[in-house]
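Student: following is a predicted model, sequence given first.
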Amino acid sequence: MGNVKAHRPVLLCGYYGFGNGGDEALLAVLLQLLPADVTPIVLSANVSETQALHRVKAVDRRQLGKLLQTIRQCQGFIWGGGSLMQDATSAISPLYYGGLMLWAQLWGLKTVAWAQGIGPLTRPFSQWWTAWLLSRCSVVTVRDSQSAAWLQKRQVPSAQAPDPVWALTTIAYSEELPERRVAICLRPHSSLTSAGLSRLTEALIDFQKATDTFILLVPFQKSKDVPLATLLQAHLPKVSQTVYLENPQQLKGLFETVQMTIAMRLHALIMAAAAGSKCFALSYDPKVQVLAQELTLPHWILPDLPNTASEMTQAWLDLYSYGQALSPQRIQGICQATKTHQKALNIF
């Protein structure tokens, strides 16, 4: 028996089991980085899918009684990455995630707010509630400068490092495809108007004709993104394909095979940039704009797209022909900096 440590159950809480590639990537990295003697239990909207994809024990996030009982049996609780504390999509979200965090704190668990993107928080109560809960955490790490500044203003200690998905390991994508490839990752959002989508579609058709590239339409969340991908593919017959991958490591591997990526979703941009693809950002959320600015990526803020499709096409042609991907040295430096998030897990 010797020096073998007893297993320590820790509950991982995030937007898991909803089929969102970015959040599943955050979970994959977190599982990758946890100390070896920690036994993770994942809070999920789809227990069987989470168990099959990540090979980990999971509990249903909707069974509140069982969930609270599980927290009492654990030694630690982690908010596992992403913008969990935000009230832009729902005022309920901060109450749900915050309530679980408070329950864990009241039971004396070590609590970690890990790789968080704070906000948007528009309601005064949400702002107070978030700051109060984070001030009670054992460790807080954030993934961007805006979140760090928000916490600093409220005198909540935190460490900042790049989003941990930069350090996600890769599984090579092996399907045979035409040589020159461009990935497109769109999601439905109120800021992507029908007029804007129409211009984007026209611009993409013209871009494809000018470059003779093969377009890969990459939905990150099947339930939400596939209809948009299907719509675009109908306008690009024989020169496009929709690729949906559940495994986030395979998803990152797909981006290694493309020369350029045009994306709305934050983690599509992170995976693509980390894989050495040239990136163009379409920002529907401050977190996307912050990333674009930090990496000096060409970008537009939705819904303020250029007035004509030809302007959009030209911007993409300029990036495709003359733009630069991040250098291997820059990527390595960013990946190295993510280790701050790993150090935070050493409290377990």
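Tutor: Here it is on my side, so go on. Residues are numbered from 1 along each chain as shown.

Student: quick one, phi/psi of residue 135?
Tutor: Note on residue 135: its backbone torsions stand at phi -70, psi -20 [degrees, to the nearest 10].

Student: tell me how many other residues crowd it.
Tutor: Neighbour count for residue 135, taken as other Cβ atoms under 10 Å: 13. C-beta here means a position set from N, CA and C on the backbone, and glycine is covered the same way.

Student: please apply the same query to the one 3 residues further on.
Tutor: Residue crowding around residue 138 was assessed by other Cβ under 10 Å; the count is 16.

Student: which pLDDT value belongs to the residue lying closest to it once chain neighbours are set aside?
Tutor: Spatial nearest neighbour of residue 138, excluding adjacent residues (Cβ to Cβ, 6 or more residues apart in numbering): residue 110 at 4.6 Å. For residue 110, the pLDDT comes out at 97.

Student: contacting residues for residue 16?
Tutor: Contact partners of residue 16, counting by Cβ atoms under 8 Å, 6 or more residues apart in numbering, are 23, 24, 27, 42, 43, 44, 45, 50, 58, 61, 80.

Student: got the contact list for the longest helix anywhere in the chain?
Tutor: Longest among the helix segments of the chain by residue count, using DSSP state H, is helix 194-211. Under the contact criterion Cβ under 8 Å, 6+ apart, helix 194-211 has outside partners 180, 182, 184, 186, 192, 213, 215, 228, 231-232, 235-236, 239-240, 262, 302-303, 305-306, 308-310, 312-313, 316-317, 320.

Student: return the members of these classed as buried.
Tutor: 182, 184, 186, 192, 213, 215, 228, 232, 236, 240, 262, 302, 305-306, 309, 312-313, 316-317, 320 (16 or more other Cβ atoms under 10 Å).

Student: so which of these are in helices?
Tutor: Per DSSP H, the buried ones among the contacts of helix 194-211 map to helices at 228, 232, 309, 312, 313, 316, 317, 320.

Student: so what's the second one up against?
Tutor: Pointing back at residue 232 there. Applying Cβ under 8 Å, 6+ apart, we find residue 232 in contact with 184, 186, 201, 204, 215, 217, 240.

Student: where are the low-confidence patches of the stretch 1-150 of the chain?
Tutor: Along the stretch 1-150 of the chain, segments meeting pLDDT under 70 span 1-6.

Student: name the residues of stretch 8-26 that come out as buried.
Tutor: Neighbour-count burial for stretch 8-26, with 16+ other Cβ under 10 Å as criterion, is recorded at 8, 10-26.

Student: figure out how far it is from the centre of its chain.
Tutor: 11 Å (Cα atoms, centre = their mean, to the nearest Å).

Student: do me a favour and get the end-to-end distance for that stretch?
Tutor: With Cα to Cα, to the nearest Å as the measure, the first residue of stretch 8-26 is 21 Å from its last.

Student: number of nearby residues for residue 241?
Tutor: Neighbours around residue 241, by other Cβ under 10 Å: 17.

Student: same question but for residue 256, I mixed them up
Tutor: Other residues close to residue 256 by other Cβ under 10 Å number 16.

Student: what about stretch 264-283, average pLDDT?
Tutor: On average, stretch 264-283 scores 97.

Student: identify each buried residue in it, please.
Tutor: 264-275, 277-283.

Student: in CSV, list the C-alpha atoms belonging to it.
Tutor: Provided in CSV are the C-alpha atoms of stretch 264-283 (Å, rounded to 0.1, in the frame of the first residue of the first chain):
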residue,chain,number,x,y,z
MET,A,264,-17.8,33.8,-34.1
ARG,A,265,-17.2,31.3,-31.3
LEU,A,266,-14.4,32.1,-28.9
HIS,A,267,-13.0,28.6,-28.6
ALA,A,268,-13.1,28.0,-32.4
LEU,A,269,-10.8,31.0,-32.7
ILE,A,270,-8.6,29.8,-29.8
MET,A,271,-8.3,26.3,-31.3
ALA,A,272,-7.7,27.6,-34.8
ALA,A,273,-5.1,30.1,-33.6
ALA,A,274,-3.3,27.4,-31.5
ALA,A,275,-3.4,25.1,-34.5
GLY,A,276,-1.6,27.7,-36.7
SER,A,277,-4.5,28.8,-38.8
LYS,A,278,-5.0,32.4,-39.9
CYS,A,279,-8.0,33.7,-38.1
PHE,A,280,-10.8,36.3,-38.7
ALA,A,281,-13.1,37.0,-35.8
LEU,A,282,-16.8,38.0,-35.9
SER,A,283,-17.4,39.3,-32.4
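
Student: run the chain-centre distance for it.
Tutor: With Cα atoms, centre = their mean, you get 11 Å for stretch 264-283.

Student: how about stretch 136-144?
Tutor: Distance, stretch centre to chain centre, for stretch 136-144: 17 Å (Cα atoms, centre = their mean).

Student: quick one on the thing from earlier: tell me the phi and psi of the residue nearest to residue 138?
Tutor: Per-residue torsions, residue 110: phi -70, psi 130 (degrees, to the nearest 10).

Student: same check on the one 3 residues further on?
Tutor: Residue 113 has phi and psi values of phi -100, psi 110 when expressed as degrees, to the nearest 10.

Student: so what's residue 130 closest to, chain neighbours aside?
Tutor: Once flanking residues are discounted, residue 130 sits nearest to residue 85: 4.5 Å by Cβ to Cβ, 6+ apart.

Student: same check on residue 323?
Tutor: Excluding its sequence neighbours, the residue lying closest to residue 323 (Cβ to Cβ, 6+ apart) is residue 278, at 4.8 Å.

Student: for that neighbour, give me its contacts.
Tutor: Applying Cβ under 8 Å, 6+ apart, we find residue 278 in contact with 259, 260, 261, 319, 320, 323, 324, 325.
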